[in-house]
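Colleague: model the following, please.
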Amino acid sequence: MQSIILERALNFLLETHQIDTHSLDGKTLHFSLQEAQSLTIDVDFICTNGRIFVTTETSDNADVDVKLAPSVFLKLFQGEDLIELLRKDEIIINGDVKTAQLLVDLLQQTEVDLEELLSNYTGDIIAHQIGKAVKRLKSSDNPMDTVKDKIVHFLTQPAVNK
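Modeller: Model (predicted):
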């Protein structure tokens, strides 16, 4: 189920931003998003005909194998340099580094207006609140811990209407 959502989201971004993926045609990228305690996403991105297909049936013959934490993935979206993250050992890449750089370049071309997209479904006020929360997460050093802290705070200390 995660792979279907991820595939649709990626292709939606590619279509709405009119991003040319032909430089990745015929490439397979193995992608591992790993959180120390819980979250693990292990998928292959297969790039063909201007689309990205996501499959959980990973193969051994990927052009590049990328392993990173969710917080590092957000750093890439924010425009942090891939080479710098490699130097800090925050990303592990085996295989064709040029292919990984092409994918990062494509991801950095997308600029998602989350509030605009959500407002179609939730209304302006709720979309704005979610947008503010996402901006706070992006500025956080460890976004997963920030999310956990906010949820714990919300559940243990609910707001009181006066």
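Colleague: for the helix or strand Ile125 falls within, packing partners?
Modeller: For Ile125, the host element (DSSP states H and E) is helix 124-139. In terms of contacts (3 or more Cβ pairs under 8 Å, 6 or more residues apart in numbering; DSSP states H and E), helix 124-139 is packed against helix 114-122, helix 143-156. From N, CA and C alone the C-beta is placed, and that goes for glycine too.
Colleague: please redo it, this time with the cut-off set to 6 Å
Modeller: helix 114-122 (3 or more Cβ pairs under 6 Å, 6 or more residues apart in numbering; DSSP states H and E).
Colleague: now the helix it packs on: average pLDDT?
Modeller: For helix 114-122, mean pLDDT is 70.
Colleague: alpha carbons of the top strand by length along the chain, as PDB, please.
Modeller: Ranked by residue count, the top strand of the chain under DSSP state E comes out as strand 40-48. Output in PDB follows, covering the C-alpha atoms of strand 40-48 (Å, rounded to 0.1, in the frame of the first residue of the first chain):
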ATOM      1  CA  THR A  40      11.300   1.200   7.200                       C
ATOM      2  CA  ILE A  41      10.500   1.700   3.500                       C
ATOM      3  CA  ASP A  42      12.400  -0.600   1.200                       C
ATOM      4  CA  VAL A  43      11.400   0.000  -2.500                       C
ATOM      5  CA  ASP A  44      12.700   0.100  -6.000                       C
ATOM      6  CA  PHE A  45      12.000   3.100  -8.300                       C
ATOM      7  CA  ILE A  46      11.800   2.000 -11.900                       C
ATOM      8  CA  CYS A  47      12.000   5.000 -14.300                       C
ATOM      9  CA  THR A  48      10.500   4.500 -17.700                       C
END
